[in-house]
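**Student:** Give the three-dimensional model of this entry:
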Amino acid sequence: MKRQTLKVFLFISLLSGMSSSIYSENTVSGKWRCVGRDLADEDVVFVLDLKQTGGTVTGTATTDETEIQIQQGTIDGNKMEFVTEAEGVRYTSNVIIDNDKLKATWKDSMSRSGTWTGERIK
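**Tutor:** Now for the predicted structure:
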(Lines give C-alpha, C1' and ligand atoms only; values in the text may rest on other atoms or scores of the structure.)
Protein backbone atom coordinates (compact mmCIF):
# COMPACT_ATOMS: atom_id res chain seq x y z
CA MET A 1 0.00 0.00 0.00
CA LYS A 2 2.79 2.45 0.89
CA ARG A 3 4.56 1.68 -2.35
CA GLN A 4 1.40 2.37 -4.39
CA THR A 5 0.88 5.69 -2.54
CA LEU A 6 4.48 6.67 -3.26
CA LYS A 7 4.02 5.91 -6.98
CA VAL A 8 0.85 8.02 -7.13
CA PHE A 9 2.60 10.89 -5.31
CA LEU A 10 5.59 10.74 -7.68
CA PHE A 11 3.29 10.67 -10.72
CA ILE A 12 1.33 13.73 -9.52
CA SER A 13 4.57 15.53 -8.71
CA LEU A 14 5.90 14.78 -12.18
CA LEU A 15 2.71 16.10 -13.83
CA SER A 16 2.80 19.24 -11.69
CA GLY A 17 6.41 19.86 -12.66
CA MET A 18 5.60 19.37 -16.32
CA SER A 19 2.72 21.83 -16.30
CA SER A 20 4.76 24.51 -14.53
CA SER A 21 7.58 23.96 -17.03
CA ILE A 22 5.19 24.37 -19.91
CA TYR A 23 3.83 27.60 -18.39
CA SER A 24 7.28 29.00 -17.69
CA GLU A 25 8.32 28.20 -21.25
CA ASN A 26 5.91 30.83 -22.51
CA THR A 27 5.40 33.41 -19.78
CA VAL A 28 6.01 36.56 -21.86
CA SER A 29 4.95 35.65 -25.38
CA GLY A 30 2.32 38.06 -26.63
CA LYS A 31 1.66 41.79 -26.77
CA TRP A 32 2.21 44.20 -23.91
CA ARG A 33 1.12 47.87 -23.68
CA CYS A 34 3.89 49.74 -21.90
CA VAL A 35 4.41 53.26 -20.58
CA GLY A 36 7.64 54.92 -19.51
CA ARG A 37 8.98 58.45 -19.10
CA ASP A 38 11.40 60.02 -21.57
CA LEU A 39 14.24 62.38 -20.70
CA ALA A 40 11.88 65.37 -21.06
CA ASP A 41 9.62 63.72 -18.41
CA GLU A 42 6.93 62.99 -21.02
CA ASP A 43 5.01 59.72 -21.20
CA VAL A 44 6.22 57.33 -23.88
CA VAL A 45 3.73 54.64 -24.86
CA PHE A 46 5.02 51.57 -26.69
CA VAL A 47 3.93 48.03 -27.46
CA LEU A 48 6.19 45.07 -26.89
CA ASP A 49 5.45 42.10 -29.15
CA LEU A 50 7.41 39.28 -27.54
CA LYS A 51 8.12 35.66 -28.36
CA GLN A 52 9.73 33.40 -25.80
CA THR A 53 11.52 30.20 -26.73
CA GLY A 54 12.99 28.58 -23.64
CA GLY A 55 15.27 31.16 -22.03
CA THR A 56 15.40 33.40 -25.12
CA VAL A 57 13.14 36.37 -25.84
CA THR A 58 12.80 38.01 -29.26
CA GLY A 59 10.42 40.56 -30.70
CA THR A 60 9.86 44.25 -31.24
CA ALA A 61 9.14 47.46 -29.36
CA THR A 62 6.85 49.75 -31.35
CA THR A 63 5.84 53.38 -30.83
CA ASP A 64 3.65 55.43 -33.17
CA GLU A 65 6.76 56.30 -35.14
CA THR A 66 9.23 53.45 -34.89
CA GLU A 67 9.65 49.68 -34.63
CA ILE A 68 12.80 48.53 -32.85
CA GLN A 69 14.09 44.95 -32.73
CA ILE A 70 14.78 43.39 -29.35
CA GLN A 71 18.33 42.08 -29.05
CA GLN A 72 19.94 39.74 -26.53
CA GLY A 73 16.63 38.94 -24.82
CA THR A 74 16.82 36.43 -21.98
CA ILE A 75 14.39 35.20 -19.36
CA ASP A 76 14.96 33.24 -16.17
CA GLY A 77 11.92 32.61 -13.99
CA ASN A 78 10.16 35.95 -13.56
CA LYS A 79 13.18 38.04 -14.60
CA MET A 80 13.76 39.20 -18.16
CA GLU A 81 16.51 41.31 -19.68
CA PHE A 82 16.77 42.66 -23.20
CA VAL A 83 18.60 45.28 -25.24
CA THR A 84 17.23 47.71 -27.81
CA GLU A 85 19.07 50.29 -29.86
CA ALA A 86 17.75 53.57 -31.28
CA GLU A 87 19.62 56.43 -32.91
CA GLY A 88 22.96 54.99 -31.86
CA VAL A 89 22.01 54.68 -28.19
CA ARG A 90 21.84 51.24 -26.58
CA TYR A 91 19.17 50.60 -23.91
CA THR A 92 19.18 47.67 -21.49
CA SER A 93 15.91 46.85 -19.72
CA ASN A 94 15.69 44.65 -16.62
CA VAL A 95 12.14 43.45 -16.13
CA ILE A 96 10.21 41.71 -13.36
CA ILE A 97 7.20 39.73 -14.60
CA ASP A 98 4.23 39.47 -12.24
CA ASN A 99 1.39 37.57 -13.93
CA ASP A 100 0.16 39.94 -16.65
CA LYS A 101 2.21 42.96 -15.54
CA LEU A 102 5.77 44.08 -16.21
CA LYS A 103 7.84 46.41 -14.04
CA ALA A 104 11.17 47.49 -15.49
CA THR A 105 14.22 49.66 -15.08
CA TRP A 106 16.34 50.74 -18.03
CA LYS A 107 19.81 52.15 -18.46
CA ASP A 108 21.31 53.49 -21.67
CA SER A 109 24.84 53.58 -23.04
CA MET A 110 25.14 57.21 -21.87
CA SER A 111 24.49 56.20 -18.20
CA ARG A 112 20.97 57.63 -18.11
CA SER A 113 18.24 55.53 -16.53
CA GLY A 114 14.53 55.32 -15.89
CA THR A 115 11.56 53.01 -15.42
CA TRP A 116 8.63 51.66 -17.38
CA THR A 117 5.65 49.40 -16.73
CA GLY A 118 3.50 47.20 -18.92
CA GLU A 119 0.31 45.16 -19.05
CA ARG A 120 -0.51 42.20 -21.27
CA ILE A 121 -2.98 43.03 -24.05
CA LYS A 122 -2.88 39.73 -26.01
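**Student:** Which helix or strand lies directly C-terminal to the worst-scoring helix or strand of the chain on mean pLDDT?
**Tutor:** The helix or strand of the chain with the lowest confidence, counting by mean pLDDT, DSSP states H and E, is helix 2-24 at a mean of 38. Per DSSP states H and E, the first helix or strand lying C-terminal to helix 2-24 is strand 30-37.
**Student:** next SSE after that next one?
**Tutor:** On the C-terminal side of strand 30-37, the nearest following helix or strand under DSSP H and E is strand 43-53.
**Student:** Per-residue pLDDT of Glu87, please?
**Tutor:** pLDDT for Glu87: 88.
**Student:** For it, grab the count of nearby residues.
**Tutor:** 5 (other Cβ atoms under 10 Å). From N, CA and C alone the C-beta is placed, and that goes for glycine too.
**Student:** Give me the distance between it and Ile75.
**Tutor:** 27 Å (Cβ to Cβ, to the nearest Å).
**Student:** what's near enough to touch the closest residue in space to Asp38 that isn't next to it in sequence?
**Tutor:** Of all residues not flanking Asp38 in the chain, Val44 sits nearest, at 4.9 Å (Cβ to Cβ, 6 or more residues apart in numbering). Residues in contact with Val44 (Cβ atoms under 8 Å, 6 or more residues apart in numbering) are 35-38, 63, 116.
**Student:** No more questions from me, cheers.
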